[in-house]
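K.L.:
Any chance you can model this:
(one chain, ligands or ions: 2)
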Amino acid sequence: MSNTSIQPGSVTFIKNVKAATMTDATLGLIDDAAIVAQHGVIRWIGKENALPMEFQHLVLAAEERQDVTMIDGRGMLATPALTDCHTHLVWAGSRANEFRQRLHGASYQEIAAKGGGILSTVKATREASEAALFDMSLPRAKALLSQGVAHIEIKSGYGLRLEDELKQLRVARRIGESLPLRVSTTLLAAHALPPEYADDSDGYIDYVVRDILPAAANEGLVDAVDVFCENIGFSREQTDRVFRAAQQLGLPVKLHAEQLSDQDGSALLASYQGLSADHLEYLSDKGIRAMADAGSVAVLLPGAFYFLRETKLPPIQALRDAKVPIAIATDANPGSSPLVHLPLMMHFACTLFQLTPEEAWLGVTKHAAAALGDHQQGTLAVDQRADIALWDLDSPEAICYQFGINPLRHLLIGGKQVSKDQLT
Ligand code: DI6
Ligand code: FE
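P.N.:
Residues are numbered from 1 along each chain as shown. Ligands and ions are numbered 1, 2, ... in the order given. Alright, predicted model coming up:
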């Protein structure tokens, strides 16, 4: 047996786990599994009693150098760490008053039409300093980390003018630098019409395309571009203009699509080979076919469905039949989903949308990573990043079945163990 693969560099050895690798529709379960990680990636995974000699040597050599993290999983469930692929978690202010109005019968659209809704959060976010915005937003990301989330997407869209969109995105980046988790940023300047452009939505789109998008991209603050394509948001034509500008800058696109009505936005997204179309309650068969052909991910947001007390379900069975990958996310935002809890979304996906627990798991791992264009994450397999969660759960469905007690016991991100302090 050659020793060529024995290189210095800290090694992580996890043994005695039941691994849910997420490599197939039944979650690719391996009993009595072990995982070897080095240089931040998984080097080997399989049945512990089949650990090849060269990896036994690798672990032993690292032990001799005292450069090894050994974890005895004592039969725990090991999965890829989770990904929350749709959040708006950088915001200031509160919309509790609107919650009360809605309980008295006002609709989300009516509140928005009266200048509340997104615009009330825009006002508070513009008024907040960058430091204050960071302090308000960090606990939301920490909450996700403590639930086993290693990668979050964060959208702008509460600035709606250059300096404040940049401020939001910088805060998002700083969150990624301050916590061990990874942050992907999405520019959602086309989220709502700011007061300065109240009667001129085309003029605002000009401003987004000409000023905000290039400046934010230039600062390295944009990993993807999103639009709220809706009757209370932007039209399909306006969405197309933003997508074209993104494409010219080489940026991938995503879309808030068919949440409150069918705007045929998902088919437009698919025509750009977009990463994901999100919400999708009103998605048509045509949109489903286009997404299937393009390989775009359907991101379902059961928190918003629940919180807005919607009744129109996304077309789950048709998405399944067309083999469109389904992801699940929190949509964490102050207006339609003030819920920073990804395992709760797995529970809701099952109870409200009748997803199977297997679909819920794939939705927060493999498919969520794909919705961010991240193919180095989301499964437990060789060469994937060693983003691994260990859960005190008897079976994968247990996380969907109950909530209120946190079953996370260990979280590794890039092979490094997140400390207990950081998980509380
Ligand atoms: N759809 C949503 O669910 C969020 N944005 C969007 O376009 C809601 C944002 C908010 O109400 O603040
Ligand atoms: Fe959203």
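
K.L.:
contacts, neighbours, all on C-alpha from now
P.N.:
Noted.

K.L.:
how would you label Ile152: helix, strand or coil?
P.N.:
With DSSP: H, G, I helix; E, B strand; the rest coil as the basis, Ile152 sits in strand.

K.L.:
so what's it up against?
P.N.:
83-87, 141, 181-184 (Cα atoms under 8 Å, 6 or more residues apart in numbering).

K.L.:
List the beta-bridge partners for it.
P.N.:
Asp84, Val183 (DSSP bridges).

K.L.:
And it, how far from ligand 1?
P.N.:
When Cα to the nearest ligand atom, to the nearest Å is applied, the distance between Ile152 and ligand 1 equals 16 Å.

K.L.:
Could you measure from that residue over to His347?
P.N.:
Distance of Ile152 to His347, computed by Cα to Cα, to the nearest Å: 19 Å.

K.L.:
which residues of the stretch 201-350 of the chain fall in helices?
P.N.:
201-207, 213-218, 236-248, 265-271, 285-294, 302-307, 316-321, 342-353 (DSSP state H, counting those that start in this stretch).

K.L.:
what packs against the second one?
P.N.:
Using 3 or more Cα pairs under 8 Å, 6 or more residues apart in numbering; DSSP states H and E as the contact criterion, the elements in contact with helix 213-218 are strand 182-190.

K.L.:
moving C-terminal of the worst-scoring helix or strand of the chain on mean pLDDT, what's the next helix or strand?
P.N.:
Ranking every helix and strand in the chain by mean pLDDT, DSSP states H and E puts helix 108-113 at the bottom, with a mean of 88. For helix 108-113, the succeeding helix or strand toward the C-terminus, using DSSP states H and E, is helix 118-127.

K.L.:
ok, residues contacting that following helix?
P.N.:
91-95, 112, 133, 157-160, 164, 192, 194, 334-335.

K.L.:
Could you point out the helix or strand that follows it?
P.N.:
Helix 118-127 is succeeded, C-terminally, by helix 130-146 (DSSP H and E).

K.L.:
Could you pull up the residues touching the closest residue to ligand 1 within the stretch 301-424 of the chain?
P.N.:
Nearest residue of the stretch 301-424 of the chain to ligand 1: Gly335, at 3.5 Å (Cα to the nearest ligand atom). Residues near Gly335 by Cα under 8 Å, 6+ apart: 95, 98, 117-118.

K.L.:
do Leu423 as well
P.N.:
Leu423 neighbours (Cα under 8 Å, 6+ apart): 142, 145-147.

K.L.:
Between which two of those residues is the distance greatest?
P.N.:
Lys142 and Gln147 (8.7 Å; Cα to Cα).

K.L.:
Please give me every residue in contact with Leu251.
P.N.:
Neighbours of Leu251 in contact, by Cα under 8 Å, 6+ apart: 222-225.

K.L.:
Quick check: pLDDT value at it.
P.N.:
If you check Leu251, the pLDDT there is 98.

K.L.:
how far away is it from Ser129?
P.N.:
For Leu251, the distance to Ser129 - Cα to Cα - is 28 Å.

K.L.:
same question, Gly250
P.N.:
For Gly250 relative to Ser129 (Cα to Cα), the value is 31 Å.

K.L.:
next one: Thr330
P.N.:
According to Cα to Cα, Thr330 and Ser129 sit 25 Å apart.

K.L.:
okay, these two: which has more neighbours?
P.N.:
Thr330 (29 against 13; other Cα atoms under 10 Å).

K.L.:
my read: the more buried one touches Ser337, true?
P.N.:
Yes: Thr330 is within contact range of Ser337, at 7.2 Å (criterion: Cα atoms under 8 Å).

K.L.:
Name the residues contacting each of the two.
P.N.:
Gly303.

K.L.:
care to break this protein down by domain?
P.N.:
11-81+379-419, 82-371 (automatic domain parsing).

K.L.:
what distance separates the start and the end of the longest one?
P.N.:
Read that as domain 82-371. End-to-end distance (Cα to Cα), domain 82-371: 13 Å.

K.L.:
ok now it, how far from the chain's centre?
P.N.:
A distance of 10 Å separates the centroid of the chain from that of domain 82-371, by Cα atoms, centre = their mean, to the nearest Å.

K.L.:
Tell me who's in contact with the residue nearest in space to the middle of the chain.
P.N.:
Nearest to the centroid of the C-alpha atoms of the chain, with distances taken as Cα atoms, centre = their mean, sits Cys85, at 1.4 Å. The contact partners of Cys85, by Cα under 8 Å, 6+ apart, come to 151-153, 327-329, 364, 368-369, 371-372.

K.L.:
does Gln376 sit in a helix, a strand or a coil?
P.N.:
Counting by three-state DSSP, the backbone at Gln376 sits in coil.

K.L.:
neighbours around the closest residue to ligand 1 within the stretch 151-300 of the chain, how many?
P.N.:
In the stretch 151-300 of the chain, the residue that lies nearest ligand 1 is Phe228 (4.8 Å; Cα to the nearest ligand atom). Counted by other Cα under 10 Å, the residues lying close to Phe228 total 25.

K.L.:
can you check Gly9 too?
P.N.:
14.

K.L.:
my read: Leu313 touches His279, true?
P.N.:
No: assessed by Cα under 8 Å, Leu313 is found out of contact with His279, at 9.9 Å.

K.L.:
More neighbours: which of those two?
P.N.:
The residue with more neighbours, out of Leu313 and His279, is His279; 25 against 15, by other Cα under 10 Å.

K.L.:
what's near enough to touch the more buried one?
P.N.:
His279 makes contact with 256-259, 298-301, 314 under the criterion Cα under 8 Å, 6+ apart.

K.L.:
Which positions in the stretch 151-300 of the chain make contact with ligand 1?
P.N.:
Residues of the stretch 151-300 of the chain lying near ligand 1 by Cα under 6 Å from any ligand atom: 191, 228, 256.
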